[in-house]
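this is a predicted model, with the sequence first.
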Amino acid sequence: MTHLTPPTEGRNPRTAAIDTLESGDVLRLLLDEDARAVEAARAATGPLARAVDEAHLRLSRGGSVHYFGAGASGRLAVLDATEITPTFGVARELFTAHFAGGPAALTDSSVDREDAEELGAADAGTLGENSVAIGITASGSTAYVAGALRAARAAGALTVLVTSNPDAPLRELAEIVVVADTGPEALTGSTRLKAGTATKVLLNAFSTALMIKAGRTYGNLMVGLVATNAKLGERAVRLLVEATGEDAAACRAALDEADGRIPEALVRLLTGCPAEQARAALAAHPGVRAAVAALGGRAG
């Protein structure tokens, strides 16, 4: 089947003479194009919100999110998935990024397996009806992503396509299609630029909104963050001070009593209950606000 050339492969008239400009003007042109990419991502809010809501339903039933991609798109998916655990304190298995060719291809662009449709199908082989499969491809035609989405759909998983091509050939394989129509790149065909910017914005927004919906924040505070070093330990104390108005000593004591678990410390400070009771409330009611309400307290 013959597909139309995706818009990301077109030539951008705004940057046709970019090699004749001074560095400052080159940078301004590149950043102007990135700003267009962010606006293109903003225009996709509707389907992205639907993806968040549908994914939340599956995660609430014990499901997980799986990204599938190759090249720049796939590497951005790996970045997003990798940051979920330290940011929100969830199990590493909640978000998994599958990259065409695996770890070797991730760090060596000469190992190119994006045309391996069967590899995508194999990587999606463990998905089930509570899984969320998100295919990420700027062109909307990557064979590896096609294989993954086809297998995921057959398994009953939610399938989502994130692309910069409004006429993406893989549209038919996805229940939800999120399009950031970024148009031609500043450097013709270099989708690590605008399409990459839009992809990062969309994935960051998707995963963050999903974790907010799951109760992994308190307001705009990252109460699920894992304090793996001294800097993050102090950030955790400051977070509790900000959320409760208590002094640093009281917040540090509550954090110690909760073995470093910020949500438990926060519930304890907001309600005055023991750490064990805070832990039980959080287990029964996901999210700090819900746990506080269940204990008869009032969140700020």
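Perfect, thanks for sending it.

drop to CA atoms for contacts and neighbour counts, all remaining ones
Noted.

elements contacting the host helix or strand of Leu48?
Using DSSP states H and E, Leu48 sits in helix 45-59. Under the contact criterion of 3 or more C-alpha pairs under 8 Å, 6 or more residues apart in numbering; DSSP states H and E, helix 45-59 touches strand 158-163, strand 176-179, helix 194-213.

and the ones you listed as JSON lines, adding distance to Arg28?
Conversion of those to JSON lines gives the following (distance: least, C-alpha to C-alpha, whole Å):
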{"stretch": "strand 158-163", "distance to Arg28": "25"}
{"stretch": "strand 176-179", "distance to Arg28": "25"}
{"stretch": "helix 194-213", "distance to Arg28": "14"}
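
which among these is found nearest to Arg92?
Evaluated with C-alpha to C-alpha, those place helix 194-213 nearest to Arg92, the distance being 13.4 Å.

okay, that closest one in CSV with CA atoms only?
The C-alpha coordinates for helix 194-213 follow below in CSV (Å, rounded to 0.1, in the frame of the first residue of the first chain):
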residue,chain,number,x,y,z
LYS,A,194,9.4,19.8,16.4
ALA,A,195,7.8,16.4,16.4
GLY,A,196,10.1,15.4,19.2
THR,A,197,9.1,18.5,21.2
ALA,A,198,5.4,17.8,20.7
THR,A,199,5.9,14.1,21.7
LYS,A,200,7.7,15.0,24.9
VAL,A,201,5.0,17.5,25.8
LEU,A,202,2.2,15.1,25.1
LEU,A,203,3.8,12.2,27.0
ASN,A,204,4.7,14.4,30.0
ALA,A,205,1.2,15.7,30.1
PHE,A,206,-0.4,12.3,29.7
SER,A,207,1.6,10.6,32.5
THR,A,208,1.4,13.5,34.9
ALA,A,209,-2.4,13.9,34.4
LEU,A,210,-2.8,10.2,34.9
MET,A,211,-0.9,10.2,38.1
ILE,A,212,-2.8,13.3,39.4
LYS,A,213,-6.0,11.4,38.7
